[in-house]
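> When you get a sec, could you give me coordinates for this:
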Amino acid sequence: MPTWKQHFIEQADYQHWADDILFTAIDHLTPEAIEGDAGLFFKSIHHTVDHILMVSRVWFARLRGEALNVDWRVIHHPDWRELKMALRREVRQHQAWLEAQPEDWFEGEAEFTASDGKPRRMSVHDALTHVFGHYQHHRGQVSAACTRLGAPCPEMDFVYYRRAVEKLLNEVGNA
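Down below sits the predicted model:
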């Protein structure tokens, strides 16, 4: 049975893998399709991916005991290529940070000021479940928009990630 630490390190790796699958699909779209109103909560694919990055930053700041205020109405990374690279770096940095945390940290609680200005308290594993679930939620919305706009449908389910990891491990073991 994996520990919370092992589980969330794997979840960070999965997020990185799924982002790459999604970006491959998005790369089939024109810049106008990426920037235009795709019917998402944050309108464009670009703004939605920027939102994923910024929410990740906010939650990991909270988990480190820091505060980060973000204006959700603006795109913080206006260059699409830079945004993709920033999200890739961010997820790997979070994965490394999670790897550095002691096992018992994952059983602890985080205290933070919520977006509404109120103090909150949440278990670390619930906070991490939320942030990784948030990635998947918005990634799914972007995936649907991409498919509707003519991009190939990205297969980003966790089971596909597990199969890809198993295949890679078998290839390494047979080398």
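
> going forward, measure contacts and count neighbours with C-alpha atoms only.
Will do.

> Which single helix of the chain contains the most residues?
Of all the segments of type helix in the chain, defined by DSSP state H, the longest one is helix 124-148.

> buried sites along that one?
By neighbour count with 16 or more other Cα atoms under 10 Å, helix 124-148 contains the buried residues 124-125, 127-128, 131-132, 135-136, 138-146.

> ditto for stretch 17-25
17-22, 25.

> Could you export stretch 73-90 as CSV, CA atoms only?
In CSV, the C-alpha atoms belonging to stretch 73-90 read as follows (Å, rounded to 0.1, in the frame of the first residue of the first chain):
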residue,chain,number,x,y,z
ARG,A,73,-9.2,38.0,-14.5
VAL,A,74,-5.9,38.4,-16.2
ILE,A,75,-3.5,36.1,-18.1
HIS,A,76,-0.2,36.1,-16.2
HIS,A,77,1.8,34.4,-19.0
PRO,A,78,0.7,36.0,-22.2
ASP,A,79,3.2,34.1,-24.3
TRP,A,80,1.7,30.7,-25.0
ARG,A,81,5.1,28.9,-25.4
GLU,A,82,6.4,30.4,-22.1
LEU,A,83,3.1,29.4,-20.4
LYS,A,84,3.6,25.8,-21.4
MET,A,85,7.2,25.8,-20.3
ALA,A,86,6.3,27.5,-17.0
LEU,A,87,3.6,24.8,-16.2
ARG,A,88,6.0,22.0,-17.0
ARG,A,89,8.7,23.5,-14.8
GLU,A,90,6.2,24.2,-12.0
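
> contacting residues for P152?
Listed by Cα atoms under 8 Å, 6 or more residues apart in numbering, the contact partners of P152 are 25, 28, 146.

> all strands for this protein, in order.
109-113, 119-123 (DSSP state E).

> Distance check, G36 against I45.
Remark: distance between G36 and I45 (Cα to Cα, to the nearest Å) = 8 Å.

> Spatially central residue for this structure, please.
Y135 (4.0 Å; Cα atoms, centre = their mean).

> okay, the closest residue to that one other than its chain neighbours: pLDDT?
Once flanking residues are discounted, Y135 sits nearest to I52: 6.0 Å by Cα to Cα, 6 or more residues apart in numbering. We have a pLDDT of 98 for I52.

> Do I have it right that I52 meets H134?
Yes: contact criterion Cα atoms under 8 Å: I52 and H134 qualify, at 7.5 Å.

> Who has more neighbours out of G36 and I45?
I45 (27 against 14; other Cα atoms under 10 Å).

> Tell me which residues touch the more buried one, please.
Per Cα under 8 Å, 6+ apart, neighbours of I45: 33-38, 142, 145.

> in this protein, which spans are helices?
Counting by DSSP H, the helices of the chain are 4-26, 31-35, 45-63, 80-100, 124-148, 158-173.
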